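[1] Show me the folded form of this:
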Amino acid sequence: MKKVTFAIACLALLANLSCKEQKEEPTVEKTETVVIEKETEPSESDGTSISIDKDGVEFSSKSGENKTEVEIKDDKASVKSE
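    Numbering: from 1, shown residues only. All right, here's what the predicted structure looks like:
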């Protein structure tokens with residue numbers, strides 16, 4: 001009788017332990033953030049610009065690969081065409 005009671009108690013204990021919820025700790029992954037800075041060259045867009053100041057006038061125009069610059073300063077003028 002003692003053996004049967006002991007066997008039933010062991011089975012009840014095993015059943016209780018096997019059905020118990022297991023708490024799993026959440027895994028935290030550590031990641032490093034790397035910032036890469038890259039200098040970019042300003043690109044000239046197509047269009048026309050004009051600048052007027054007390055020294056003179058500067059005019060430039062760009063269409064595709066054709067570029068024209070005109071500068072008029074203090075009674076001197078220069079023209080560049082590429």
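
[2] gap between the residue nearest in space to the middle of the chain and Lys67?
    In the chain, the C-alpha nearest the mean C-alpha coordinate belongs to Val35, at 8.1 Å (Cα atoms, centre = their mean). Counting by Cβ to Cβ, to the nearest Å, the gap from Val35 to Lys67 is 36 Å. Just so you know, the C-beta spots here come from the backbone N, C-alpha and C atoms, and that holds for glycine as well.

[3] now swap in Ala77 and tell me
    Counting by Cβ to Cβ - Ala77 and Lys67 are separated by 17 Å.

[4] Settle it for me: which of the two has more neighbours?
    A count of neighbours by other Cβ atoms under 10 Å puts Lys67 above the other of Ala77 and Lys67, at 14 against 11.

[5] ok so the more buried one is a strand residue?
    Yes: Lys67: assigned to a strand according to DSSP: H, G, I helix; E, B strand; the rest coil.

[6] beta partners of it?
    With DSSP bridges as the criterion, Lys67 is bridged to Lys62.

[7] you'd agree it is up against Phe59?
    No: with contact defined as Cβ atoms under 8 Å, Lys67 does not count as touching Phe59 (11.8 Å).

[8] The worst-scoring helix or strand of the chain on mean pLDDT - contacts with which helices or strands?
    Lowest mean confidence among the helices and strands of the chain (mean pLDDT, DSSP states H and E): strand 76-81, at a mean of 72. Other helices and strands packing on strand 76-81, by 3 or more Cβ pairs under 8 Å, 6 or more residues apart in numbering; DSSP states H and E, are strand 66-73.

[9] how far out from the middle of the chain is the strand it packs on?
    38 Å (Cα atoms, centre = their mean, to the nearest Å).

[10] Need the per-residue pLDDT for the residue nearest to the centre of the chain.
    Per-residue confidence (pLDDT) for Val35: 85.

[11] ok, now Lys20?
    64.

[12] Restrict stretch 16-28 to CA atoms and write it as CSV.
    C-alpha atoms of stretch 16-28 as CSV (Å, rounded to 0.1, in the frame of the first residue of the first chain):
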residue,chain,number,x,y,z
ASN,A,16,2.7,18.8,-12.3
LEU,A,17,6.4,19.6,-13.2
SER,A,18,6.0,18.7,-16.8
CYS,A,19,2.8,20.8,-17.3
LYS,A,20,4.3,23.8,-15.5
GLU,A,21,4.8,26.9,-17.7
GLN,A,22,8.4,27.8,-18.3
LYS,A,23,9.2,31.4,-18.3
GLU,A,24,11.6,32.2,-21.1
GLU,A,25,13.7,35.4,-20.8
PRO,A,26,13.5,37.4,-23.9
THR,A,27,16.7,37.6,-25.7
VAL,A,28,18.0,41.1,-26.4
